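>>> My questions are about this predicted structure, shown below with the sequence.
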Amino acid sequence: MRPVLFLTLLLSSACAAGGALAQQGSNWIDPPAKSDAAPAGGERAKPAAKSAPRFEVEPEAGSRSRRAAAPSPARRDMHRQDRTRAAEMRRARRAAIRERAREENHSHTARMHRPAPPAANMARAEPDPRFSDWAVAARRLSLGYLDSVSAPNGAMLSAAPRFYGSTVRFHGRVMTTHALLAEKRRFAQRWPERRYEPHGEPRIACDGPSATCLVRIVHDFTAVSPARGARSQGVAELTLTVSFAGGAPVIVSEASRVLSRAGA
């Protein structure tokens with residue numbers, strides 16, 4: 001009896017161990033040797049369920065970034081205006097360069113075609129042969145006039161008409177000989193004692209078209225009025241325009257200015 005009982009216990013233990021090993025099969029890591037082998041019990045293995053499709057976020061994020069990077073209409077207008085201004089500036093620069101080149105070319109052409117200056121001996125105008133005679137006559141008339149101013153009142157007033165033409169510009173005012181004599185008379189009464197002496201030779205310049213000579217005489221002057229107890233003394237410049245238009249030389253303009261006064 002005992003051997004039979006012991007064999008029975010062994011068989012029971014083996015069955016129990018086989019069931020335990022069957023229950024632990026789910027923990028195997030290695031797959032079966034043949035994947036298409038039919039499972040026990042005659043049932044066909046069901047195909048593995050397909051995993052749900054995954055939706056990537058990158059394309060959506062990329063589209064959002066592209067939409068964010070896309071310029072707005074206002075920005076596009078600004079870019080278009082900037083491009084227009086840049087194009088206008090380039091055209092203006094090119095036009096300025098062309099204009100400068102054209103001016104330089106024109107200047108170079110003008111210099112190339114500029115006529116040569118005349119020779120020095122040809123450019124020098126020959127002096128008018130009348131100037132020599134006019135200068136002598138104008139000098140004589142001017143010194144004679146200055147000497148007459150130093151004469152007594154009666155002699156000065158009687159000699160005055162022969163020095164002047166019919167009209168005279170006297171210190172900027174045009175007047176007749178009669179009006180000029182009245183001006184001289186008032187001057188003689190204010191300064192009855194006068195003395196005018198030239199400094200050196202007069203400076204004379206003659207002009208052919210107007211037939212005149214301009215005479216400048218620097219002179220000392222002394223004017224005294226005993227009745228008023230007044231005295232004027234210094235250096236002045238007398239400027240006379242002598243005309244030869246009528247043949248005989250006459251004074252047609254007179255002016256003077258004081259250069260310095262004694263005691264000033």
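Now that the structure is in, tell me what you want to look at.

>>> Low-confidence stretches in the stretch 1-150 of the chain?
Within the stretch 1-150 of the chain, the stretches falling below the threshold (pLDDT under 70) are 1-71, 107-126.

>>> how about a cut-off of 80?
Low-confidence regions of the stretch 1-150 of the chain, defined by pLDDT under 80, span residues 1-82, 85-86, 92, 103-127.

>>> Packing partners of the biggest helix by length in the chain?
Counting residues, the longest helix in the chain under DSSP state H turns out to be helix 73-113. Packing contacts for helix 73-113, counted by 3 or more C-beta pairs under 8 Å, 6 or more residues apart in numbering; DSSP states H and E, involve no helix or strand. From N, CA and C alone the C-beta is placed, and that goes for glycine too.

>>> ok, residue 240 to residue 198 distance?
12 Å (C-beta to C-beta, to the nearest Å).

>>> Same drill for the two, tell me which one is more crowded.
Relative neighbour count places residue 240 above the other of residue 240 and residue 198, with 23 against 15, counting by other C-beta atoms under 10 Å.

>>> ok, back up a step: what is in contact with residue 240 and residue 198 at once?
Common neighbours of residue 240 and residue 198, counting by C-beta atoms under 8 Å, 6 or more residues apart in numbering, are residue 217.

>>> Ramachandran coordinates for residue 204?
Backbone torsions for residue 204, taken as degrees, to the nearest 10, come to phi -130, psi 130.

>>> what's near enough to touch it?
The neighbours of residue 204, taking C-beta under 8 Å, 6+ apart as the test, are 135, 138, 139, 213, 214, 215, 216.

>>> Paired strands for the strand or helix carrying the fourth one, with orientation please.
Residue 213 is located in strand 212-225, with elements delineated by DSSP states H and E. For strand 212-225, the paired strands and their directions (DSSP bridges) read strand 193-198 (antiparallel), strand 203-207 (antiparallel), strand 230-243 (antiparallel).

>>> Redo those strands as CSV? Include mean pLDDT.
What follows is these, written out as CSV (pLDDT from 0 to 100):
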stretch, mean pLDDT
strand 193-198, 96
strand 203-207, 95
strand 230-243, 96
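
>>> Any chance of TSV for those strands, columns distance to residue 256?
Shown next, in TSV, are the strands paired with strand 212-225 (distance: least, C-beta to C-beta, whole Å):
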stretch	distance to residue 256
strand 193-198	10
strand 203-207	15
strand 230-243	5
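
>>> quick one, which of the ones you listed is nearest to residue 101?
When these are compared for distance to residue 101 using C-beta to C-beta, the nearest one is strand 203-207, at 48.0 Å.

>>> Buried residues of the closest one, list them for me.
Buried positions in strand 203-207, judged by neighbour count with 16 or more other C-beta atoms under 10 Å: 204, 206.

>>> then it to CSV, C-alphas only?
These are the backbone C-alpha positions of strand 203-207, laid out as CSV (Å, rounded to 0.1, in the frame of the first residue of the first chain):
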residue,chain,number,x,y,z
ARG,A,203,47.2,163.6,-61.7
ILE,A,204,45.4,163.6,-65.0
ALA,A,205,43.5,160.9,-66.9
CYS,A,206,41.8,161.5,-70.2
ASP,A,207,39.0,159.7,-71.9
